[in-house]
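Sequence and predicted structure, then a few things I'm wondering about:
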Amino acid sequence: MDVEDTLLMIPGPVKVSSRVLRAMSKPMISHRSADFGDILDDCLVLVKELFETKNDAVVLSGSGTCGMEAAVGAIIGKDDKIVTVTNGKFGERFTELGDRYGTSVPIDFPWGTSFDLEQIEAALEKGAKAIAMVHNETSVGLTNPAKEVGKLARKHDAIFIVDGISSVGGNDFLTDEWGIDIAITGSQKCIAVPPGLAMVTVSKKVEDMLEDNKGGYYTDLKAHLKSAKKSQTPYTPAVSLFYALQEALHMTAEDGFQNRRNKMSNLAEGVRQAAAALDIELFPQPDQYSAYSNTVTAMKMPEEISDDQLRGGMRKRGVVVSGGQSSLKGKIFRIGTMGVCTEADVFRTIQTLELVLKKEGYISKLGAGLEAASNVIDT
Ligand code: PLP
């Protein structure tokens, strides 16, 4: 099937609107011009609104991991410890980053299960310079309790780093209220820009602590913050992606930040209801502090059906969904409802899933998933 007829329902990169694609095709300008400075300043104002923060923000030319690396590298040196809380692939990335710059103290929970706050507190009691966690663990479809971990970080005077890569813009994400010192998101998720930009906000407390020549060179947060104050970036930025970011942020502001979040949450609820009606189990195990993700729904692969039959069958019919990562390969599949995803996109996805399930003999009749989703999706 032609890629233009294909519906991308993975948890990033997500579908990009034609308005944003058109914005990207504008002629190149000098990144040292006043015009670029205006675009950057405009983006930073809206980025701060998106993160619900008064903290300073920077935009790095690099994917979400670049933002994670900038955060860890700025804080952790070879004699420092960072508690990394993990229940999926991206939490584990913080552990790897922590060990690259200093020493990680990983608090690992089985993938898809909820954090045990007491274990996290016990680790902080032993002393650590920082604690890092993923708010929305994309690999398992679970939203972790940033607010509660933030309280523990404050109590134990640890710098609080949060990966909001698949949640900022799609979930409530209260940077200031939750006391997040460094918050990160990526362009290719909830704000629906192509991949390649990372947005990072930094608290005043951390800004005051940042040292010269610490951590990565390209990802040096201190250098990026210094340049941003002069409406600049330290090195040549991905100018066309900044056009895209500016347009996408304006589109989000026009829709209303809260309305966008509500929409993603409503679409995810539709996917969950469809799964229940089709006898497909959700993968994550939320508790009173965590929640099913609003931006990506992870479901167990029915035992009778292979990954290739399910996702391959859907792809053949023009809908691309994600599989599981690492040890979850073949065991789960994931549907993203981020960015400018519409009701029609979700209905087409569920219909295609049903067609495949019927072809494979898992259901005998079409329609139950669509019916269940339509009962909750606001159309
Ligand atoms: N953290 C989370 C929660 C993610 O979902 C992703 C990407 O899927 C990343 C980190 C890594 O971001 P990137 O692939 O943009 O470097």
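Great, that's in hand. Numbering: from 1, shown residues only.

Run through the residues that contact the residue of the stretch 251-379 of the chain at minimum distance from the ligand.
At 8.0 Å from the ligand, Val296 is the closest residue in the stretch 251-379 of the chain, using Cβ to the nearest ligand atom. (Glycine included, C-beta is placed from N, CA and C.) Counting by Cβ atoms under 8 Å, 6 or more residues apart in numbering, Val296 makes contact with Pro11, Asn136, Thr138, Gly141, Ser166, Ala268, Ser322, Arg334, Ile335, Gly336, Thr337, Met338.

Kindly recompute the last result at 7 Å.
By Cβ atoms under 7 Å, 6 or more residues apart in numbering, Val296 lies in contact with Pro11, Thr138, Gly141, Ser166, Arg334, Gly336.

can you pull out the helices in this structure?
In the chain, the helices defined using DSSP state H lie at 18-24, 34-50, 64-75, 89-101, 117-125, 146-155, 204-209, 221-228, 239-255, 257-277, 307, 313-316, 343-359, 368-376.

which stretch among these comes nearest Val193?
helix 239-255 (4.6 Å; Cβ to Cβ).

In strands only, show me the contacts of Val296.
Under the assignment DSSP state E, the contacts of Val296 contribute Arg334, Gly336 to strands.

Out of the contacts of Val296, which are close to the ligand?
Restricting the contacts of Val296 to those near the ligand by Cβ under 6 Å from any ligand atom leaves Thr138, Ser166.

Can you add pLDDT and neighbour count and give the contacts of Val296 back as CSV?
Output for the contacts of Val296, formatted as CSV (pLDDT from 0 to 100; neighbours: other Cβ atoms under 10 Å):
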residue, pLDDT, neighbour count
Pro11, 98, 27
Thr138, 98, 28
Gly141, 98, 30
Ser166, 98, 32
Arg334, 98, 25
Gly336, 98, 33
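
so which two of the contacts of Val296 are the farthest from each other?
Greatest spacing in those, by Cβ to Cβ: Ser166 and Arg334 (10.6 Å).

where do the contact lists of the two overlap?
Residues touching both Ser166 and Arg334 (Cβ under 7 Å, 6+ apart): Pro11, Val296.

Pretty sure Ser290 sits against Ala146.
No: using Cβ atoms under 7 Å, Ser290 is not in contact with Ala146; the gap is 10.1 Å.

neighbour count winner among the two?
The residue with more neighbours, out of Ser290 and Ala146, is Ala146; 29 against 19, by other Cβ atoms under 10 Å.

Roughly how far does the more buried one sit from Ile120?
As judged by Cβ to Cβ, to the nearest Å, Ala146 and Ile120 stand 12 Å apart.

Val85 now?
Relative to Ile120, and taking Cβ to Cβ, Val85 is found at 6 Å.

Please consider this matter closed, and thank you.
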